[in-house]
Structure formats: C-alpha cells, structure tokens
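sequence below, structure please.
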Amino acid sequence: MSFRYPVLLVAAHGTQHPGSVPGGMFCAQLQRLLPGFDIRLAFLRNAPTVGNVLQSVSQEPGLDVLLFPLFFARSSIVSDELPALTSRAGLEPHRLLPSASYLPGFVNMLANRVITRLASGGNSRGDGEKTAVFLVSHGQKRETCSSPEMCELRNSVAQVLTHHEIHNVQLDGQPSLADWRDLTNCRKALFVPLFAGDGLHCRQDIPDGIDVRPDEIANILAPVGTWQELSSLLVDHLHRCHAHSVAEGGLPRSAVEWGADHVTA
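Predicted coordinates for the structure are as follows:
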C-alpha cells in the first residue's frame, strides 16, 4: 500500500478580483511548517470550491482529511455551510477545525503584534499622543452594529493590551471604516485587517476608507491571514488535538514562531 500524506484543506471565502488568492500565503507558510501534509486551498465562492474538493478527497478510502476555516467572524459560513459540507462529504464533525479567530492563542497573537507595532514608534509624533487601534472586518451591508463575536474579540484584545482605544469597524456594515474618526479623538491610528490575504480590500478599499489627512498618522498592519504567527497557531493546535494526523505527517515537535511586525504603510 502506498503512503499518502494527510490532507489539510484550507477554506477561504474567495474573491471576484483576478490575481488575488485569499489564503495563498497562509497555505505556503503551512506547507513549510507541515512538509508531511498535503496542503490544499479551496473557496466558498470561487473554484476550486470547498464542496467539490471535499467530495473528491472523501472518495479516497482511508485518507486523513482535516478542514480549516480561514475566517475571522463566526458567520453563517462557519456555523452552517462548512459543517453541512463536511457532513455531506461523510467526514466526522471533529474533522472541521476551529476557525482562525477561535484558535487558542489568537487574541494574544493580535495583542503581541499590536504591541510590537506601537513600540516600534511608527505611529509616534513624539508628543505622547495616544494611538487608536481599529480591528477591520468585512461585515455585511445589512449589519447595523458589530456582531457579538467581534465585540467579544475587541474586548479580549483590549483586556490583554490594557488599552481602551480599540474599536471595531467594517468595510460594508456598521460601524463603517469610513467613519473611524467618529469613534475616537485620536489623530493617530493603527488598523488591523481581519482578512485572509492582501487582495483588493487590503490594497485599495481599506486605505481608501481610512482616507488619511495631512494632520493624521495612520498605519495598516499586514492582513492577519498572512501572518506567520497564525499558521504557527494552527500547527500548535494540531499538536494538541490531532496527534494522529501529526504523527502521520511527520510534524516537528514545536512549530510556534513569533515573526517580525510586517506593516503596509
């Protein structure tokens, strides 16, 4: 019998913009950390679709398959669609891993990156003025306020940072990124994009929404889905909760790495 690597399928939302591959950098980092795994990327709204890939791999008897949702909000995609697709493919519920924002250590990861950035002085005028921090999610047009999950994430990060100028904003829903000035008196701001990749939203829509003025300092971190730390958190979770897959994939004993603070100005 030939040996087959365990399959780790990363599920991302997808995009309508050519040239963007949400989750592509994340998968490349995972493949480096998990050389004994078959890392695959599929989408909910683009090809290859999560459903088709799951159906394909589930038809191979005995193949070890795990599904990771690269999502930062607990939308209906995470709570309904992905479990339904997992069940339809005949996979046990535990094969569906926690989504990105529910990985153990996620809050500390966000807080550490923010602390590193603020300490680097990139948002400093030397005048002691505070910096407001904004967690930027996609949201939906019908949303009139941040979801309870995003509020909980904001509160958890604020507690770790002991920093009260932390706010949720959304591209499509409310509170809107374009209205960030209404939430703070600070003229210095740090924006944390809760997105899977550095596609059009992060390269164009977020900077346009911020629309920084001459008397302001605004910095944008790299999208969270591209952070080395996030892939390391997932690997660490596999160590704890999926030891059988880890053993088959020949995973190193420890994989958690805290990378440098990569920032898009």
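
stretch 176-186: how far from the chain's middle?
From the chain centre to the centre of stretch 176-186 is a distance of 23 Å (CA atoms, centre = their mean, to the nearest Å).

ends of that stretch, how far apart?
End-to-end distance for stretch 176-186: 17 Å, by CA to CA, to the nearest Å.

so which residues make contact with that stretch?
Under the criterion CB atoms under 8 Å, 6 or more residues apart in numbering, residues 129-132, 134, 136, 165, 167, 169-171, 175, 189, 206, 209-211 lie in contact with stretch 176-186. In this view, the C-beta of every residue, glycine as well, is placed from N, C-alpha and C.

and these, which are buried?
130-132, 134, 136, 165, 167, 169-171, 175, 189, 206, 209-210 (16 or more other CB atoms under 10 Å).

closest one to residue 98 out of those residues, please.
For those, the minimum distance to residue 98 (CB to CB) is 21.6 Å, reached by residue 136.

list the contacts of that closest one.
Applying CB under 8 Å, 6+ apart to residue 136 gives the contacts 169-171, 177, 191-195, 206.

go again using 10 Å as the cut-off
Listed by CB atoms under 10 Å, 6 or more residues apart in numbering, the contact set of residue 136 reads 167-171, 177, 180, 191-195, 201-202, 205-206, 209-210, 220-221, 223-224.

show me what counts as buried in the host helix or strand of residue 234.
Using DSSP states H and E, residue 234 falls within helix 228-241. The neighbour-count check on helix 228-241 (16+ other CB under 10 Å) flags 228-239 as buried.

likewise stretch 32-46?
33-34, 37-44, 46.

among those residues, which lie within helices?
Using DSSP state H, the members of these that fall in helices are residue 33.

in the protein, which helix or strand is least confident?
strand 263-264 (a mean of 38; mean pLDDT, DSSP states H and E).

related to what we said a few turns ago, what's the helix holding residue 234 packed up against?
Judged by 3 or more CB pairs under 10 Å, 6 or more residues apart in numbering; DSSP states H and E, the packing partners of helix 228-241 are strand 7-12, helix 24-33, strand 65-69, helix 106-119, helix 243-249.

and the helices in the stretch 101-250 of the chain?
Counting by DSSP state H, counting those that start in this stretch, one finds helices in the stretch 101-250 of the chain at the ranges 106-119, 148-161, 200, 206-210, 228-241, 243-249.

for residue 7, find the nearest of these.
Nearest to residue 7, of all the helices of the stretch 101-250 of the chain, is helix 243-249, at 9.3 Å by CB to CB.
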